[in-house]
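[1] fold the following and give me the result.
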Amino acid sequence: MSQESKFDQFIYGKFVVEKDSEYRLVSYSENLNNNISVLEEIHEKSYYFWGSQSSDLNRKAVGICRNNTRILPEEKEIILIQAAPAFNKDKGIFSRGGSRSFFQHRYIFVSSAEIAVFNNQICRLLGYLGNMSMPTFSSLNQFDDSEEKSWLLGPEDFESLLAKETTEKKVREAIEKVWKKLKNSEQNILLQALDVILNGKRLLITDQNPKKTRSPLLLLDNLLLFLPTNVRNEISLAIGSVDPKYCNWAQIIVKTDSSSIGSFPENMVWLDFSKEEFDKEEYLDQEYVKDFIAPNKDKSENLITICEYLDRTTKDDSDNFVWEFQEVDGWLKLNHPSLDFIFNYPAEKRDKIEIWRKYIPRMEEKVKSFLHKFGENLSNPDSQNLELLEIWWEALPIPENNGDLMNTLLCTIYRYLPHKFLEIVKADHKFSDSLEILIDNQFIDSLVIDSLTDENLRNDILQGLQNACLELIRNISQRSIEYLDNKSGGRNTPLQIKYPLPPQPSTKNYPELEKVIIGCEKIFR
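    Numbering: from 1, shown residues only. Predicted structure coming up:
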């Protein structure tokens, strides 16, 4: 039997012909042949859904998690898990001569690319897997059912799930058929759920209302739409008859049976849709949720735009696409989204400026990297990129002690938007208030004045810079004299400077002034 087109996988259970058979590895694909002990540990020490084996014959569960082993190539970074009572189509559920039934667990190793072909509808994929039959075995890799042809699952077994609709259609349907039909309180709960997992906590979702009107899987798929595709694959899920006390590997648990919850970990928050509230008071304090998703919860077109962008977002290590996470107790906590996400976020210009004003200081290195590469592949950057330069200037705060970012931004504006640069130099208080720090950061030296081909515009900019430097020198001179005057208790007439003085030994009494004059020299040559 060829296994080349199948996923690597194994089943953990019992041999049905042995009356006293213990739980063990009962079948595995040939690529896993040399890793028997590791496969057993995957189930026995890491990835299971409940503790002691239950006599509940309806107990089933599915899940998805990261593959933290090294038994396969690193691209097989995801494990799909299925658990169900042992079942034979001729013999039914095994009762082992009156004793309790036993359960089997199937573990399938897949890559992010193989998951992506299902259009990232992870919960739909898990629901489909949970309805698949799992064969029983009389001995290692030996079927108990003589008619069984192959127990291995491959991509062809999931073909009916393959997305036929476009990303845009899938997202629009999810927002319009699920999100918009939720009550306001239910939308708020899902936003709080998103807040929980992005704060590095764990989430338990239940719906104990006997008259269920919604599918937890649809709600969860809708929730995951608010995350980039590559981040969804980082979140481990367990769905079904799951005991949160024992299922320590899943960040999100959707418990679909009615068994009692009991105790659960301290870092887990319980959301029961029948109560429409959390078990402990939670607020929207995660900035991504509060700043980007919550303001649009009643704006379906904006949500669709956001989710379409997120659905196309795959792993990219370039600075403007990286989402910044940190690890908290083994779970990922989001610090801030990527530059590209904020750039594409649907908002009015004034709102965009406020968002950038908040996020630029913590993303300074990424912004500088973006500016250094700005236009390197384009002789004429598009209007959106040019508008971004203007928005960043409006949003950028006055530097307190390091003008490196403002320096880089102004040099980029000078190169691509010289008329805007002239406007800034002549009349922008932010520029004049920052000029001393900019000069200290070699701003004048960084400007390539002669690169501008329009001679009239270049002269206007040069004059504007000279005037700004002279004004700064006057102000610093006045401050220095007033300081000495106050120190001596005397009175002096304010110094009037019409041109910058060449540095002389006498300026040693005014080191601040001397530094600025030297920094401005280039602009007067």
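[2] how many other residues sit next to the closest residue to Arg106 other than its chain neighbours?
    Setting aside the residues directly before and after it, Arg106 is nearest to Gln82 in space (CB to CB, 6 or more residues apart in numbering), at 4.4 Å. Bear in mind the C-beta positions are built from the backbone N, C-alpha and C, glycine included. By the measure other CB atoms under 10 Å, the count of residues near Gln82 is 23.
[3] please apply the same query to Glu44.
    13.
[4] repeat that for Thr256.
    Neighbours around Thr256, by other CB under 10 Å: 18.
[5] partners of the closest residue to it other than its chain neighbours in the sheet?
    Closest residue to Thr256 apart from its sequence neighbours, by CB to CB, 6+ apart: Gly240 at 5.6 Å. Counting by DSSP bridges, Gly240 is bridged to Ala61, Lys255.
[6] count of neighbours near Gly240?
    23.
[7] number the residues from 184 up from this point.
    Understood, numbering begins at 184; the last thing we discussed is Gly423.
[8] quick check, it in contact with Trp233.
    No - with contact defined as CB atoms under 8 Å, Gly423 and Trp233 do not form a contacting pair (9.7 Å).
[9] what is in contact with those two at once?
    242, 244 (CB atoms under 8 Å, 6 or more residues apart in numbering).
[10] so the residue nearest to Arg289 touches Leu308, yeah?
    No - at 11.3 Å, Gln265 and Leu308 do not qualify as touching, with contact defined as CB under 8 Å.
[11] what stretches of the stretch 334-483 of the chain score poorly on pLDDT?
    Within the stretch 334-483 of the chain, the stretches with pLDDT under 70 are 346-348, 392-397, 459-466.
[12] can you check the stretch 184-333 of the chain too?
    In the stretch 184-333 of the chain, residues with pLDDT under 70: 184-187, 201-203, 235-238, 271-283, 302-303, 328-332.
[13] strands of that one, start to end?
    191-196, 207-211, 244-249, 261-268, 270-271, 275-276, 286-293, 320-322, 325-326 (DSSP state E, counting those that start in this stretch).
[14] which residues are in contact with the second one?
    For strand 207-211, the surrounding residues in contact (CB under 8 Å, 6+ apart) are 192-198, 219, 222-223, 287, 318-320, 323-324, 334.
[15] tell me which of the strands of the stretch 184-333 of the chain lies nearest to Thr497.
    strand 261-268 (14.2 Å; CB to CB).
[16] contacts for the closest one?
    225, 230-232, 240, 242-250, 276-277, 284-295, 298, 308-309, 312-313, 315, 317, 416, 421, 423.
[17] just the C-alphas of that strand, formatted as CSV.
    This file holds the C-alpha atoms of strand 261-268, laid out as CSV (Å, rounded to 0.1, in the frame of the first residue of the first chain):
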residue,chain,number,x,y,z
ILE,A,261,0.7,21.1,13.1
ILE,A,262,-1.0,18.1,14.6
LEU,A,263,-4.7,17.3,14.1
ILE,A,264,-6.2,15.1,16.9
GLN,A,265,-9.3,13.0,16.9
ALA,A,266,-10.7,11.0,19.8
ALA,A,267,-13.7,8.6,19.8
PRO,A,268,-14.9,5.3,21.2
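[18] what lines up beside it in the sheet?
    strand 244-249 (antiparallel), strand 286-293 (antiparallel).
[19] out of these, which gets nearest to Lys516?
    Comparing the strands paired with strand 261-268 by CB to CB, strand 244-249 comes nearest, at 16.3 Å.
[20] now that closest one: buried residues?
    244-248 (16 or more other CB atoms under 10 Å).
[21] what's the farthest-apart pair in the residues you listed?
    Ala244 and Cys248 (12.4 Å).
[22] average pLDDT for the lengthiest helix in the chain, rounded please.
    Ranked by number of residues, the top helix in the chain under DSSP state H is helix 638-671. Taken as a whole, helix 638-671 has a mean pLDDT of 80.
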